[in-house]
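Q: model this:
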Amino acid sequence: MKQLTTLLIFLLFSSRIFSQETVVYIQALFENVPQYLDSILVEDLTTETSVMLTDLELNTTNYEINLSQLSGIECYDNTHFNLETNLPGKARLSINTAEYGDIRLQIFDISGKAITKEQLINNVNNIDIHIGRQGIYFLRLITAKELFSYKLTGEQSDGNISISTNNILTQDLLKTEPDLLTLNYKEGDTVRLTVYSTDFHGNLVEKIPVNGDQYTTYLSKPCECGTVTDYEGNVYETVQIGSQCWMRENLGSYKYANGANIGYFPDIYGPCADTNPPFPPINIDDNGLAYIWEVLIKREVASDTLPDIIQGICPNGWHIPSDEEWMELERYLGLTEEELYVFGYRGTNEATKIKEAGSLTWKSYNNNYETTNVTGMNIIGCRLSGEIQRQVFWSSTIHLQDNIEYPIFRRVASIDHQIYRDFDIYLSRRLCVRCIKNEF
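A: Model (predicted):
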């Protein structure tokens, strides 16, 4: 039986009784191997509340998240209970009124197991808590009217956990802000779970949880170079996909690697074009820039020694991917040799493996529901056309038809699970680019 860790999420809203708890499980894979996680961000997109879960259990890779357990009301404006001190290993809660009568108090560990017996207290001013074990713990106070929840942090010392009460008024204590969890979940809400692990790119799943759901998300790794920087100082994440190293973001530079303005062709338009290029790139929803193809390739041609290698607007050591390099990526995603060379839609679900998951950027979420971003390429939706979002990328390769050269591109869209390949007859159209690292 697999050991599972329960991540208790204290839900801060007016008390209610749940007909059924909503418990889900999430596992992150890299190359089909389960990975340990550092943290999980839980976001309720319906109520726009969230909580970051850290200090996760080290002995499991399948994490249980109870979205319904231990709900309470918001405590920030509460004047009757004050978490005066909340430091690793010790906390003090002051009680400023007796109107609540009896108060039931109990501490739980992160798995949901009660580690202290429930205590019934009344007519006290302070509650002092000692936690001599490392980890995350939760203090629960139940009154006749409400339920309050606080997050506590243990510190490894004597291994004991104790609670003491006294009637000494609090004076000159080190004040700390209450470390409250602010998720406000109710059954039927849409929830986004984003996982993080050291040395990996994070990833996410977005669902309307049903009790017992098991979710799988996929991690990816940066290339050995880590990041790449363009002439203007913009820094881009990278991702290793098979044997290829790709930019994980769209290029967003207004200058070539030599510092010249993009779109500057002095041999045609004269030196004044340097300050006012005739073909400037345009910003696409803060998702990089879009360029016309002639500007993209900087009017270069592939050399005999480096066929299809055109640096164009890419930083030094990087180049614009050729049609064949796009095919190598698509081959890795699962396209057959016959499908690779087809113009139009190809394959089955290959686009779901390179698009960002969820609705953060792909607004047509119903069509993006099956997206996994398993490669970590993280293509982001933009360029709205009605309700359809697209992302279109140039290649450096031309297709010859009727003795006319047309550049080949790739397109993914919110409504499609396939990758679209075609050539463009509108050479003045501006599209995006993902640079690929030189292998030589």
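Q: checking my notes, residue 332 in a strand, right?
A: No: read with DSSP: H, G, I helix; E, B strand; the rest coil, residue 332 is helix and lies in no strand.
Q: residues contacting it?
A: Applying CB atoms under 8 Å, 6 or more residues apart in numbering, one finds that residue 332 lies in contact with 241, 242, 244, 375. In this view, the C-beta of every residue, glycine as well, is placed from N, C-alpha and C.
Q: and the residues you listed, which two are the farthest apart?
A: Farthest apart among these by CB to CB are 244 and 375. That separation is 10.0 Å.
Q: mind checking which of these two has more residues around it?
A: Using other CB atoms under 10 Å as the criterion, residue 244 and residue 375 rank with residue 375 on top: 24 against 18.
Q: got a list of what residue 214 touches?
A: Shown in contact with residue 214 (CB under 8 Å, 6+ apart): 24, 25, 26, 27.
Q: kindly indicate which of the residues you listed lies nearest residue 281.
A: Nearest to residue 281 among the contacts of residue 214, with distances taken as CB to CB, is residue 26, at 39.1 Å.
Q: state the distance from the closest one to residue 43.
A: Noted for residue 26: a distance of 13 Å to residue 43, by CB to CB, to the nearest Å.
Q: what do those two both touch?
A: Shared contacts of residue 26 and residue 43, defined by CB under 8 Å, 6+ apart, are found at residue 193.
Q: report the contact partners of residue 316.
A: Contacts for residue 316 (CB under 8 Å, 6+ apart) come out as residue 257.
Q: measure it to residue 438 for me?
A: 9 Å.
Q: residue 427 now?
A: In this view, residue 427 and residue 438 are 26 Å apart by CB to CB.
Q: for residue 246, same thing?
A: Distance from residue 246 to residue 438, by CB to CB: 12 Å.
Q: between those two, which one's more packed in?
A: Neighbour totals were compared for residue 246 and residue 438, and residue 246 leads with 26 against 14 (other CB under 10 Å).
Q: so that one is in contact with residue 238, correct?
A: Yes: using CB atoms under 8 Å, residue 246 makes contact with residue 238 at a distance of 6.8 Å.
Q: joint contacts of these two?
A: Residues touching both residue 246 and residue 238 (CB under 8 Å, 6+ apart) are residue 437.
Q: can you pull up the bridge partners for residue 87?
A: Residue 87 has these beta-bridge partners by DSSP bridges: residue 90.
Q: what about it, neighbour count?
A: Residue 87 has 12 neighbours, counted by other CB under 10 Å.
Q: and if you look at residue 399?
A: Applying other CB under 10 Å, we find 16 residues neighbouring residue 399.
Q: now it: closest residue in space that isn't a chain neighbour?
A: residue 423 (4.0 Å; CB to CB, 6 or more residues apart in numbering).
Q: same question for residue 347.
A: Closest to residue 347 by CB to CB, 6+ apart is residue 335, at 4.8 Å.
Q: thought the one you found was touching residue 350?
A: Yes: Residue 335 lies in contact with residue 350 (CB under 8 Å); the separation is 6.0 Å.
Q: give me the common contacts of these two.
A: residue 419.
Q: a markdown table for the contacts of residue 214, including distance to residue 107 and pLDDT?
A: Below are these laid out as a markdown table (distance: CB to CB, whole Å; pLDDT from 0 to 100):
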| residue | distance to residue 107 | pLDDT |
| --- | --- | --- |
| 24 | 25 | 92 |
| 25 | 25 | 94 |
| 26 | 26 | 95 |
| 27 | 28 | 96 |
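Q: switch these over to TSV; also include secondary structure and neighbour count.
A: Listed next are those as TSV, based on DSSP: H, G, I helix; E, B strand; the rest coil; neighbours: other CB atoms under 10 Å:
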residue	secondary structure	neighbour count
24	strand	21
25	strand	16
26	strand	22
27	strand	18
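Q: any chance of those in JSON lines, plus distance to residue 53?
A: Shown next, in JSON lines, are the contacts of residue 214 (distance: CB to CB, whole Å):
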{"residue": "24", "distance to residue 53": "13"}
{"residue": "25", "distance to residue 53": "14"}
{"residue": "26", "distance to residue 53": "11"}
{"residue": "27", "distance to residue 53": "15"}
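Q: between the residues you listed, which is closest to residue 63?
A: Using CB to CB, residue 26 is the member of these that lies nearest residue 63, at 5.4 Å.
Q: now the closest one: closest residue in space that isn't a chain neighbour?
A: Computed as CB to CB, 6+ apart, the closest residue to residue 26 that is not its neighbour in sequence is residue 215, at 4.6 Å.
Q: am I right that the one you found is in a helix?
A: No: using three-state DSSP, the assignment for residue 215 is strand, not a helix.
Q: count of residues packed around it?
A: 19.
Q: isn't it right next to residue 207, touching?
A: Yes: in this structure residue 215 lies within contact range of residue 207 using CB under 8 Å: 6.7 Å.
Q: which neighbours do the two have in common?
A: Residues touching both residue 215 and residue 207 by CB under 8 Å, 6+ apart: 24, 193.
Q: buried set for the helix or strand where residue 327 lies?
A: Assigned by DSSP states H and E, residue 327 belongs to helix 323-333. By neighbour count, and taking 16 or more other CB atoms under 10 Å as the criterion, the buried residues in helix 323-333 are 323, 325, 326, 327, 328, 329, 330, 333.
Q: before we move on, back to that, which two among the contacts of residue 214 are spaced furthest apart?
A: The span of the contacts of residue 214, defined through CB to CB, is set by 24 and 27 at 11.0 Å.
Q: so what's in contact with those two at the same time?
A: Here residue 24 and residue 27 share the contacting residues 214, 215, scored by CB under 8 Å, 6+ apart.
Q: ok, the residue nearest to residue 347 - contacts?
A: By CB under 8 Å, 6+ apart, the contact list for residue 335 reads 327, 346, 347, 350, 419.
Q: for residue 24, give me its contacts.
A: Counting by CB under 8 Å, 6+ apart, residue 24 touches 64, 65, 67, 193, 207, 209, 211, 212, 213, 214, 215.
Q: can I get those residues in a markdown table including secondary structure?
A: Listed next are the contacts of residue 24 as a markdown table, based on three-state DSSP:
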| residue | secondary structure |
| --- | --- |
| 64 | strand |
| 65 | strand |
| 67 | coil |
| 193 | strand |
| 207 | strand |
| 209 | coil |
| 211 | coil |
| 212 | coil |
| 213 | coil |
| 214 | strand |
| 215 | strand |
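Q: understood, closing this out.
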